[in-house]
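A.B. asks: Curious how this folds, go ahead:
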Amino acid sequence: MTPTEIKAALKAIAVDAGPKAYASIDISADSRATISAGLYPEGITGHSMCIRVEADDFSEVIDKLNRAWEARRDLQDKQTIRKMALSVIEISTDHGECSDAALRGAGFSQRQIDAMGATACSEATRLAAGGPFSIVATIGANAAAA
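C.D. replies: Presented below is the predicted three-dimensional model:
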C-alpha cells in the first residue's frame, strides 16, 4: 500500500466511526508486530473506547482494524444513540424543538443523525416526559451540506 492509500483507508474508517474519530498507524522497532493501528471513535482524548491492532504489513493492519471496528460498531452506535437521545431532550427543552443543525452543533455528524436520529427520538420519548420527540430538518444557511 502506498502512503496515500493508507491515509485514504484510515480516513474511511474514521469517517465511518464518527465526527470526532481519530485513526492512525505506528511503526515500531520492538519485538512485537512491526505495524500497529489505532482507532479512537470518540477522538484521541476520548479514551472510552480504543481499538488497537497489530500486523506485519500495512494491508493486513488495515484489514484487522476494519474487522475490529465492525465488531465494536454496535456498542459504539448504542452509546451514540443514548447521547443523541439526551441531546434531543435537552435541545427540545431549551428551544421547543430539536433541529438537525442543533445536533450537528452538539457534535453529531449528519451521517449519524440520518442513521440514528429516529432511534434516538424513540429513546428520548422513552426516557423523558414531553414526547414524542423529533428532529426537524433545517433548511437555508444552516442546512446540512449537500
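
A.B. asks: Quick check: chain neighbours aside, which residue is closest to residue 76?
C.D. replies: Among residues not flanking residue 76 along the chain, residue 41 sits closest, at 5.1 Å (Cβ to Cβ, 6 or more residues apart in numbering). C-beta here means a position set from N, CA and C on the backbone, and glycine is covered the same way.

A.B. asks: my read: that neighbour touches residue 17, true?
C.D. replies: Yes. With contact defined as Cβ atoms under 8 Å, residue 41 reaches residue 17; the gap is 4.3 Å.

A.B. asks: what residues go with each domain of the protein?
C.D. replies: Following automatic domain parsing, one gets these domains for the chain: 3-72, 74-136.

A.B. asks: Compare the mean pLDDT across the ones you listed and name the weakest.
C.D. replies: Note on the domains of the chain: domain 3-72 shows the lowest mean pLDDT, a mean of 89.

A.B. asks: mind listing the strands in this protein by residue range?
C.D. replies: Taking DSSP state E as the criterion, the chain carries its strands at 22-27, 35-40, 51-55, 98-99, 135-136.

A.B. asks: Only the buried residues of stretch 8-17, if you could.
C.D. replies: Residues of stretch 8-17 classed as buried: 9, 10, 13, 14, 16, 17 (neighbour count, 16 or more other Cβ atoms under 10 Å).

A.B. asks: of those, closest to residue 56?
C.D. replies: Ranking the buried residues of stretch 8-17 by separation from residue 56, with Cβ to Cβ as the measure, puts residue 9 on top at 16.7 Å.

A.B. asks: For the closest one, give its distance to residue 69.
C.D. replies: Residue 9 sits 12 Å away from residue 69, going by Cβ to Cβ, to the nearest Å.

A.B. asks: Give me the buried positions along the helix of greatest length in the chain.
C.D. replies: Assignment by DSSP state H gives helix 58-95 as the longest helix of the chain. Neighbour counts over helix 58-95 (16+ other Cβ under 10 Å) mark 58, 60-62, 64-66, 68-69, 72, 76-77, 80-81, 83-89, 91-92 as buried.
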